[in-house]
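Chemist: This is a predicted model, with the sequence first.
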Amino acid sequence: MLGHTTVICGPCSLKSMAPTDKPCASGSVELAVTNTTRRPVAMATVHIRAISMDFKVGIYEDLDYPTYASIPAWRSHDLTTLIKDPFSWKHSKGFTESPALLEGRVQHTVFLEHHKFHDEFAIDPGFDRRTKVGKEEFAAWQEELGDKTPCTQKMYEICMERRELVSDYIPKNEHSVELTLCFEWLGQPCKGKLDWWTGTDIWDYKSARDASPRGFKSAVNSYKYYQQAAYYLTAARQLDMRADKFYFLAQEKAHPYPYAVYTLSDEAIEYGAAKNEQALKIGLDCQRKNEWLPYNRDGVIEFGIDELY
């Protein structure tokens, strides 16, 4: 627990959004491609370093991931998982960093906080581990890493190349990056980390397999990005932050790394907010009953011929 808590925007009056469950007529999520302009925002810079932290409503800047992870609160990812399958959420093995997740972390650091890259990562010099000398040099290098995460030179160069292509969207000095928001919803503690906030809008960087309108629309539906957008807009507005829109900067992982900017309609945001509220109620009900049912929570599932063909 922190001996003192630094809050950029202090504890605020908690107002319920009361989202309405009103899905799009087609059952899918409507996207709109947009061009935007930035507006400057003034915000104090506050640095927090701690091993663990209790929940307290507020906005925190520069909160490291271990401290963020220690805050006992629901996350956006929890809600998107709970609404699909409480069983999988309950029995999740937790965070395991795969090569894809490592690349995502490197990309986010390069894009959002490039000045911190060499504090958090160490580039593998490329030792020849086929030789005895190379193995010894690699072992010595690993011992000197400390808390830094190793990554390859190639991974770093690819992330930098992607960054250059979307340089017009890179957060400026006056923007706030990696903000942690702690708020309450239905009386429950919730938390989230924004990629960046311009003072008027929230932005999120997404590495995508397909950043075309058709491809990213599919990703929005598959990964429930409408729930994520609604979650962060709810958080920001409850904390008296101006949050007019939520934008996705989607960029393909493969060369030549094409990209596009997307946003969601108000109707899609309302639908996402309703789904988040439904998911939170599911989680609370599962906790109360201590029952975390899998897909067949209502018994045996039968498919009709019209559902198969």
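Modeler: Right, received. Where do you want to start? Numbers count the residues shown, from 1 in each chain.
Chemist: What is the end-to-end distance of stretch 109-126?
Modeler: 22 Å (CA to CA, to the nearest Å).
Chemist: and that stretch, which residues are buried?
Modeler: 109, 110, 111, 112, 113, 117, 120, 121, 122, 123, 124 (16 or more other CB atoms under 10 Å). For the C-beta atoms, the positions are set from N, CA and C on the backbone; glycine is no exception.
Chemist: so where's the stretch 1-150 of the chain uncertain?
Modeler: Scanning the stretch 1-150 of the chain for pLDDT under 70 picks out 1-52, 93-97.
Chemist: quick one: the strands in it?
Modeler: 31-33, 58-60, 121-123, 149-151 (DSSP state E, counting those that start in this stretch).
Chemist: returning to what we had before: state the pair within the buried residues of stretch 109-126 that is farthest apart.
Modeler: Distance extremes for these: the farthest pair is 112 and 124 at 22.6 Å, using CB to CB.
Chemist: how near is the closest residue to residue 295 other than its chain neighbours to residue 222?
Modeler: Using CB to CB, 6 or more residues apart in numbering and skipping residues adjacent in sequence, the residue nearest residue 295 is residue 85, 6.1 Å away. Note on residue 85: its distance to residue 222, by CB to CB, to the nearest Å, is 14 Å.
Chemist: These two - which one has more neighbours?
Modeler: residue 85 (15 against 8; other CB atoms under 10 Å).
Chemist: What distance do you get for the more buried one to residue 249?
Modeler: 29 Å.
Chemist: Please apply the same query to residue 67.
Modeler: Going from residue 67 to residue 249 by CB to CB gives 26 Å.
Chemist: now swap in residue 208 and tell me
Modeler: 10 Å.
Chemist: Over to residue 255?
Modeler: In terms of CB to CB, residue 255 sits 18 Å off from residue 249.
Chemist: which helix is the longest one in the chain?
Modeler: The longest helix of the chain (DSSP state H) is helix 266-289.
Chemist: what about it, distance to the chain center?
Modeler: Centroid separation for helix 266-289 versus its chain: 18 Å, with CA atoms, centre = their mean, to the nearest Å.
Chemist: Go through that helix and flag the buried ones.
Modeler: Across helix 266-289, burial judged by 16+ other CB under 10 Å covers 267-280, 282-283, 286.
Chemist: Skipping adjacent residues, who's closest to residue 218 in space?
Modeler: residue 210 (7.4 Å).
Chemist: Mind checking what secondary structure the one you found has?
Modeler: Secondary structure, DSSP: H, G, I helix; E, B strand; the rest coil: residue 210 is coil.
Chemist: Identify the residues contacting it.
Modeler: The contact partners of residue 210, taken as CB atoms under 8 Å, 6 or more residues apart in numbering, are 216, 218, 219, 252.
Chemist: Surely the residue nearest to residue 295 and residue 294 touch.
Modeler: Yes - at 6.4 Å, residue 85 counts as touching residue 294 under the criterion of CB atoms under 8 Å.
Chemist: Let me see the contact set for residue 281.
Modeler: residue 186.
Chemist: Look up the pLDDT of it for me, please.
Modeler: The model reports residue 281 with a pLDDT of 94.
Chemist: For residue 74, see how far away it is.
Modeler: Taking CB to CB, one finds residue 281 at 12 Å from residue 74.
Chemist: likewise residue 175?
Modeler: Taking CB to CB, one finds residue 175 at 26 Å from residue 74.
Chemist: now swap in residue 90 and tell me
Modeler: Taken as CB to CB, the span from residue 90 to residue 74 is 14 Å.
Chemist: More neighbours: which of the two?
Modeler: The neighbour count for residue 90 versus residue 74, taken as other CB under 10 Å, is higher for residue 74 (21 against 17).
Chemist: just checking, the more buried one touches residue 186?
Modeler: No - with contact defined as CB under 8 Å, residue 74 does not count as touching residue 186 (9.7 Å).
Chemist: center of the protein, which residue is that?
Modeler: Nearest to the geometric centre of the chain sits residue 193, at 6.3 Å (CA atoms, centre = their mean).
Chemist: What separation do you get for it and residue 187?
Modeler: For residue 193, the distance to residue 187 - CB to CB - is 22 Å.
Chemist: next one: residue 302
Modeler: 38 Å.
Chemist: ok so, going back, shared neighbours of residue 74 and residue 186, anything?
Modeler: Common neighbours of residue 74 and residue 186 (CB under 8 Å, 6+ apart) are residue 280.
Chemist: give the contact list for residue 253.
Modeler: Here residue 253 is in contact with 207, 208, 209 (CB under 8 Å, 6+ apart).
Chemist: For the second one, which non-adjacent residue is spatially closest?
Modeler: So that's residue 208. Leaving aside its sequence neighbours, residue 208 sits nearest to residue 250 (CB to CB, 6+ apart; 4.6 Å).
Chemist: go on, the first one?
Modeler: Excluding the flanking residues, the one nearest residue 207 by CB to CB, 6+ apart is residue 253, at 5.2 Å.
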